[in-house]
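Novice: Okay, sequence plus prediction incoming.
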Amino acid sequence: MIRYDSESFVHMPPHFPRRFAALAVLTALSGSAVAALPVVTEAPLRAHLAFLADDLMEGRGTGQRGGSLAVRYLETQAAAIGLRPANGKSYLQAINMLGQSTLPTSSMQFNVGGKTLAPRLGTDVVFANGNGQAATRFDAPVVFVGYGIDSPDDKWNDFAGLDVKGKLIIAMVNDPQPTAAEPNRFGGKSLTYPGRWTYKFEEAVRQGAAGILLIHTTASASYPWSVPANGFSHEQFHIAGPGNALQGWISEDMARTLFAASGQDLDTLRAQAEVRGFKPVALSATVRASVDSRVRKIEEFNVAGIVPGLDPKLKDEAVIYSAHWDHLGIDPGNGKSDHIWNGAIDNASGVAALLAMAQVAVANPARRTQIFLWPCAEEQGLLGALGYVRAPLWPLDQTVADLNLDSLNFVGTTRAIGVAGSERSSLYATSGEVAKAMGLRLAPSVPDLGGAYFRADHFQFAKAGIPAFNVGSAVFSGDGYFDFEKEPAAAKARMVAFNKDYHQVSDEYRPEWDLSGMVQQAQFTLNLGYAVANGAARPTWKPGQQVGKAVR
Ligand SMILES: [Zn+2]
């Protein structure tokens, strides 16, 4: 899962009781021409997981040796398994990125009413540039733009009537809250994509703003100030291309001080921003910004292999299974005795599952083509998946679904599988059929309060118009849902306890783990993939649920 964004999730496992395995294998799903489904086994999954999470792999960091080792491992394993290269004769797809570190000489000051406000970097503001420049300097007027959303589908434009080109915009995170009159606006309780900070940064680029600062509150961001502060104190990565000269966060206290000095009240303006028809408010302030950066060019790699389809026509269409190979790497200067973020659950588990799935899929092709894709740089903002959809190895309009795996169940089998995000498309109904054939239920849907749908690689495919979701991810939504077969209370406790290991050096492989739940999750994902790959019709979005369309 993506960095500095979701420190409070737990993992929701899926399910597959062994006693139903044979039944599932022999059950032909509706619309499916094949009689047998390949069976995922534990031994290869465990072996790949143990190796990928080993200290020798140095946490599979982006731009680090451990990352290169992971790519080389996947490339050779794909060949050993018998996958066909997805990129001509190669399994690799190069993704060009920029690594950007904000230097401590960077500064920002506000000039307001003849006074100067100098926010402290790291305490009052954090920022970086997103344009790959070593130094950016500008003076600009400051404008409050409410939620900073321009969404024609929601008939909402926080930029109406004011050109913010060349200006520093200050915006709130999250999206307009439901009202009595409009209980379902912006997804009701669920977070919609325009509520995400990534959307706001992208929108600032589209609007031609000089830069953007988001007002941090723990409630609206769903994490404390330390999370963006920590994120911006480290190297950040971008796909080379257009970006903001400055993007970052301002503390609520600093924003309150700045607004007051400009003769405005932060709370009043925020309340106005909740009302349909809100217009941006120019503050009587200017900013002088100076962003000094260390910038380096990095080439990372997605790894991808293919199982060609059998049907003369449908083989031109493909189902993608994806699982990001990167984690947070190694930092000998982290001041701890353990310097390695092993990322055993996040996401050596998904990578290993995909390898185990591919191993059995090659011997049993489906009607459509299947692509096994291991994207890079997910932890840096879903960059490998973004790079893929910008330069797809298979035509996007011939790509019918993406089934993503990120951080799998390590506490044993469950009776219900989480399919959060699938309800946006016909993949939900197909998931239900696949679950039933395996003797499983689907976990109940819960509101996606934290925007989990936008935080894993499948989202880049969804934005590109392809029905996609993260299989077994119900726990990313609030309380989550647990229905374990064995010792449910203890299993639940172990899942919840993983919170303290999330994105920590303690996310390590433990040989005593019960991987039956992981095998079950991989089997469900593969069965779902075959149901799609063999189905008569390709998956379709439900009306208004295609994220990419909603945010243009
Ligand atoms: Zn992660």
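Specialist: Structure's in. What do you need?
Novice: Within range of the ion, give me the residues from the stretch 151-300 of the chain.
Specialist: For the stretch 151-300 of the chain, the contact set with the ion under CB under 5 Å from the ion is empty. Where C-beta positions appear, they are placed from N, C-alpha and C, glycine not excepted.
Novice: Is the residue of the stretch 151-300 of the chain found nearest the ion within a helix or a strand, and which one?
Specialist: When scored by CB to the ion, the stretch 151-300 of the chain has residue 231 as its residue closest to the ion, at 12.4 Å. Using DSSP states H and E, residue 231 sits within helix 226-232.
Novice: Following the chain onward from that helix, which element is next?
Specialist: Per DSSP H and E, the first helix or strand lying C-terminal to helix 226-232 is strand 236-239.
Novice: Pull up the pairing partners for that following strand, direction included.
Specialist: Applying DSSP bridges, strand 236-239 is found paired with strand 92-102 (antiparallel).
Novice: helices or strands next to whichever helix or strand comes after the partner strand in the packing?
Specialist: With elements assigned by DSSP H and E, the helix or strand that comes after strand 92-102 is strand 107-112. The contact analysis (3 or more CB pairs under 8 Å, 6 or more residues apart in numbering; DSSP states H and E) places strand 107-112 against strand 115-117, helix 252-261, strand 281-307.
Novice: Now strand 107-112: average pLDDT?
Specialist: The average pLDDT for strand 107-112 rounds to 97.
Novice: Tell me which residues are up against that strand.
Specialist: The contact list for strand 107-112 (CB atoms under 8 Å, 6 or more residues apart in numbering) reads 116-119, 121, 125, 127, 142, 246, 258, 261-262, 283-290.
Novice: which of those are buried?
Specialist: Buried subset of the contacts of strand 107-112 (neighbour count, 16 or more other CB atoms under 10 Å): 117, 119, 121, 125, 127, 142, 246, 258, 261-262, 283, 285, 287, 289.
Novice: any chance of the residues you listed in a markdown table, plus pLDDT?
Specialist: Formatted as a markdown table, the buried ones among the contacts of strand 107-112 follow (pLDDT from 0 to 100):
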| residue | pLDDT |
| --- | --- |
| 117 | 97 |
| 119 | 97 |
| 121 | 96 |
| 125 | 97 |
| 127 | 96 |
| 142 | 98 |
| 246 | 96 |
| 258 | 97 |
| 261 | 96 |
| 262 | 96 |
| 283 | 97 |
| 285 | 97 |
| 287 | 98 |
| 289 | 97 |
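Novice: Closest to residue 57 out of those residues?
Specialist: Nearest to residue 57 among the buried ones among the contacts of strand 107-112: residue 127, at 32.7 Å, using CB to CB.
Novice: which other helices and strands contact the strand or helix carrying that closest one?
Specialist: Using DSSP H and E, residue 127 maps to strand 125-128. Applying 3+ CB pairs under 8 Å, 6+ apart, we find strand 125-128 packed against strand 92-102, strand 211-216, helix 226-232, strand 247-251, strand 281-307.
Novice: Format the ones you listed as CSV; extra columns: distance to residue 178.
Specialist: Below are these laid out as CSV (distance: least, CB to CB, whole Å):
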stretch, distance to residue 178
strand 92-102, 37
strand 211-216, 21
helix 226-232, 26
strand 247-251, 25
strand 281-307, 23
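Novice: now for the ones you listed, which one comes closest to residue 505?
Specialist: Of all the helices and strands packed on strand 125-128, helix 226-232 comes closest under CB to CB, at 14.4 Å.
Novice: ok, and for that closest one, which residues are buried?
Specialist: In terms of neighbour count (16+ other CB under 10 Å), helix 226-232 has its buried residues at 227, 228, 229, 231, 232.
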